[in-house]
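Enquirer: coords please:
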Amino acid sequence: MDYRIHQLQHHPLTLTAAKKTSKPAASFQQILEKESSLKISKHAEKRLKDRNITFNDDKWALIKDKVLEAKQKGMDETLILSNEAALIISAKNDTVITALDRKEATSQIFTNINGTIIID
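Expert: This is a model prediction of the structure:
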């Protein structure tokens with residue numbers, strides 16, 4: 001009886017290297033933009049429209065950056081206070097949940113948030 005181990009050339013369980021598909025690499029900026037995209041819930045959209053709350057592009061970019069920063073620090077529900085409005089944002093889901101104008105927000109109690117960002 002031959003007790004030597006013989007190598008099989010074409011064994012069905014032989015692993016073959018997977019072929020790599022060539023996908024164009026996304027730039028850091030594209031990844032960052034995708035990561036920091038901010039959605040607005042229907043409720044928040046209605047609130048923003050009804051209260052005539054608007055933000056310019058620079059302010060939205062700042063809000064997106066701050067939400068990304070809050071997310072990286074482990075915050076889930078965040079209050080953002082600006083001169084124009086108070087926004088409750090789910091940093092975890094990148095979604096604006098609701099909005100109040102600044103005058104309305106002065107007499108409110110905000111619960112279930114674990115972070116506040118103040119933007120001038």
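Enquirer: what separates residue 78 from residue 49, distance-wise?
Expert: 22 Å (CB to CB, to the nearest Å). Glycine gets a C-beta too; all of them are placed from N, C-alpha and C.
Enquirer: do the same with residue 99
Expert: From residue 99 over to residue 49 the distance is 10 Å, taken as CB to CB.
Enquirer: same check, this time on residue 4
Expert: Per CB to CB, residue 4 is found 80 Å from residue 49.
Enquirer: which of those two has more residues huddled nearby?
Expert: residue 49 (11 against 4; other CB atoms under 10 Å).
Enquirer: buried residues in the strand or helix carrying the more buried one?
Expert: In the assignment (DSSP states H and E), residue 49 maps to helix 42-50. Judged by neighbour count using 16 or more other CB atoms under 10 Å, the buried positions of helix 42-50 are 44, 47, 48.
Enquirer: what of stretch 102-113?
Expert: Going by 16+ other CB under 10 Å, stretch 102-113 has these buried residues: residue 105.
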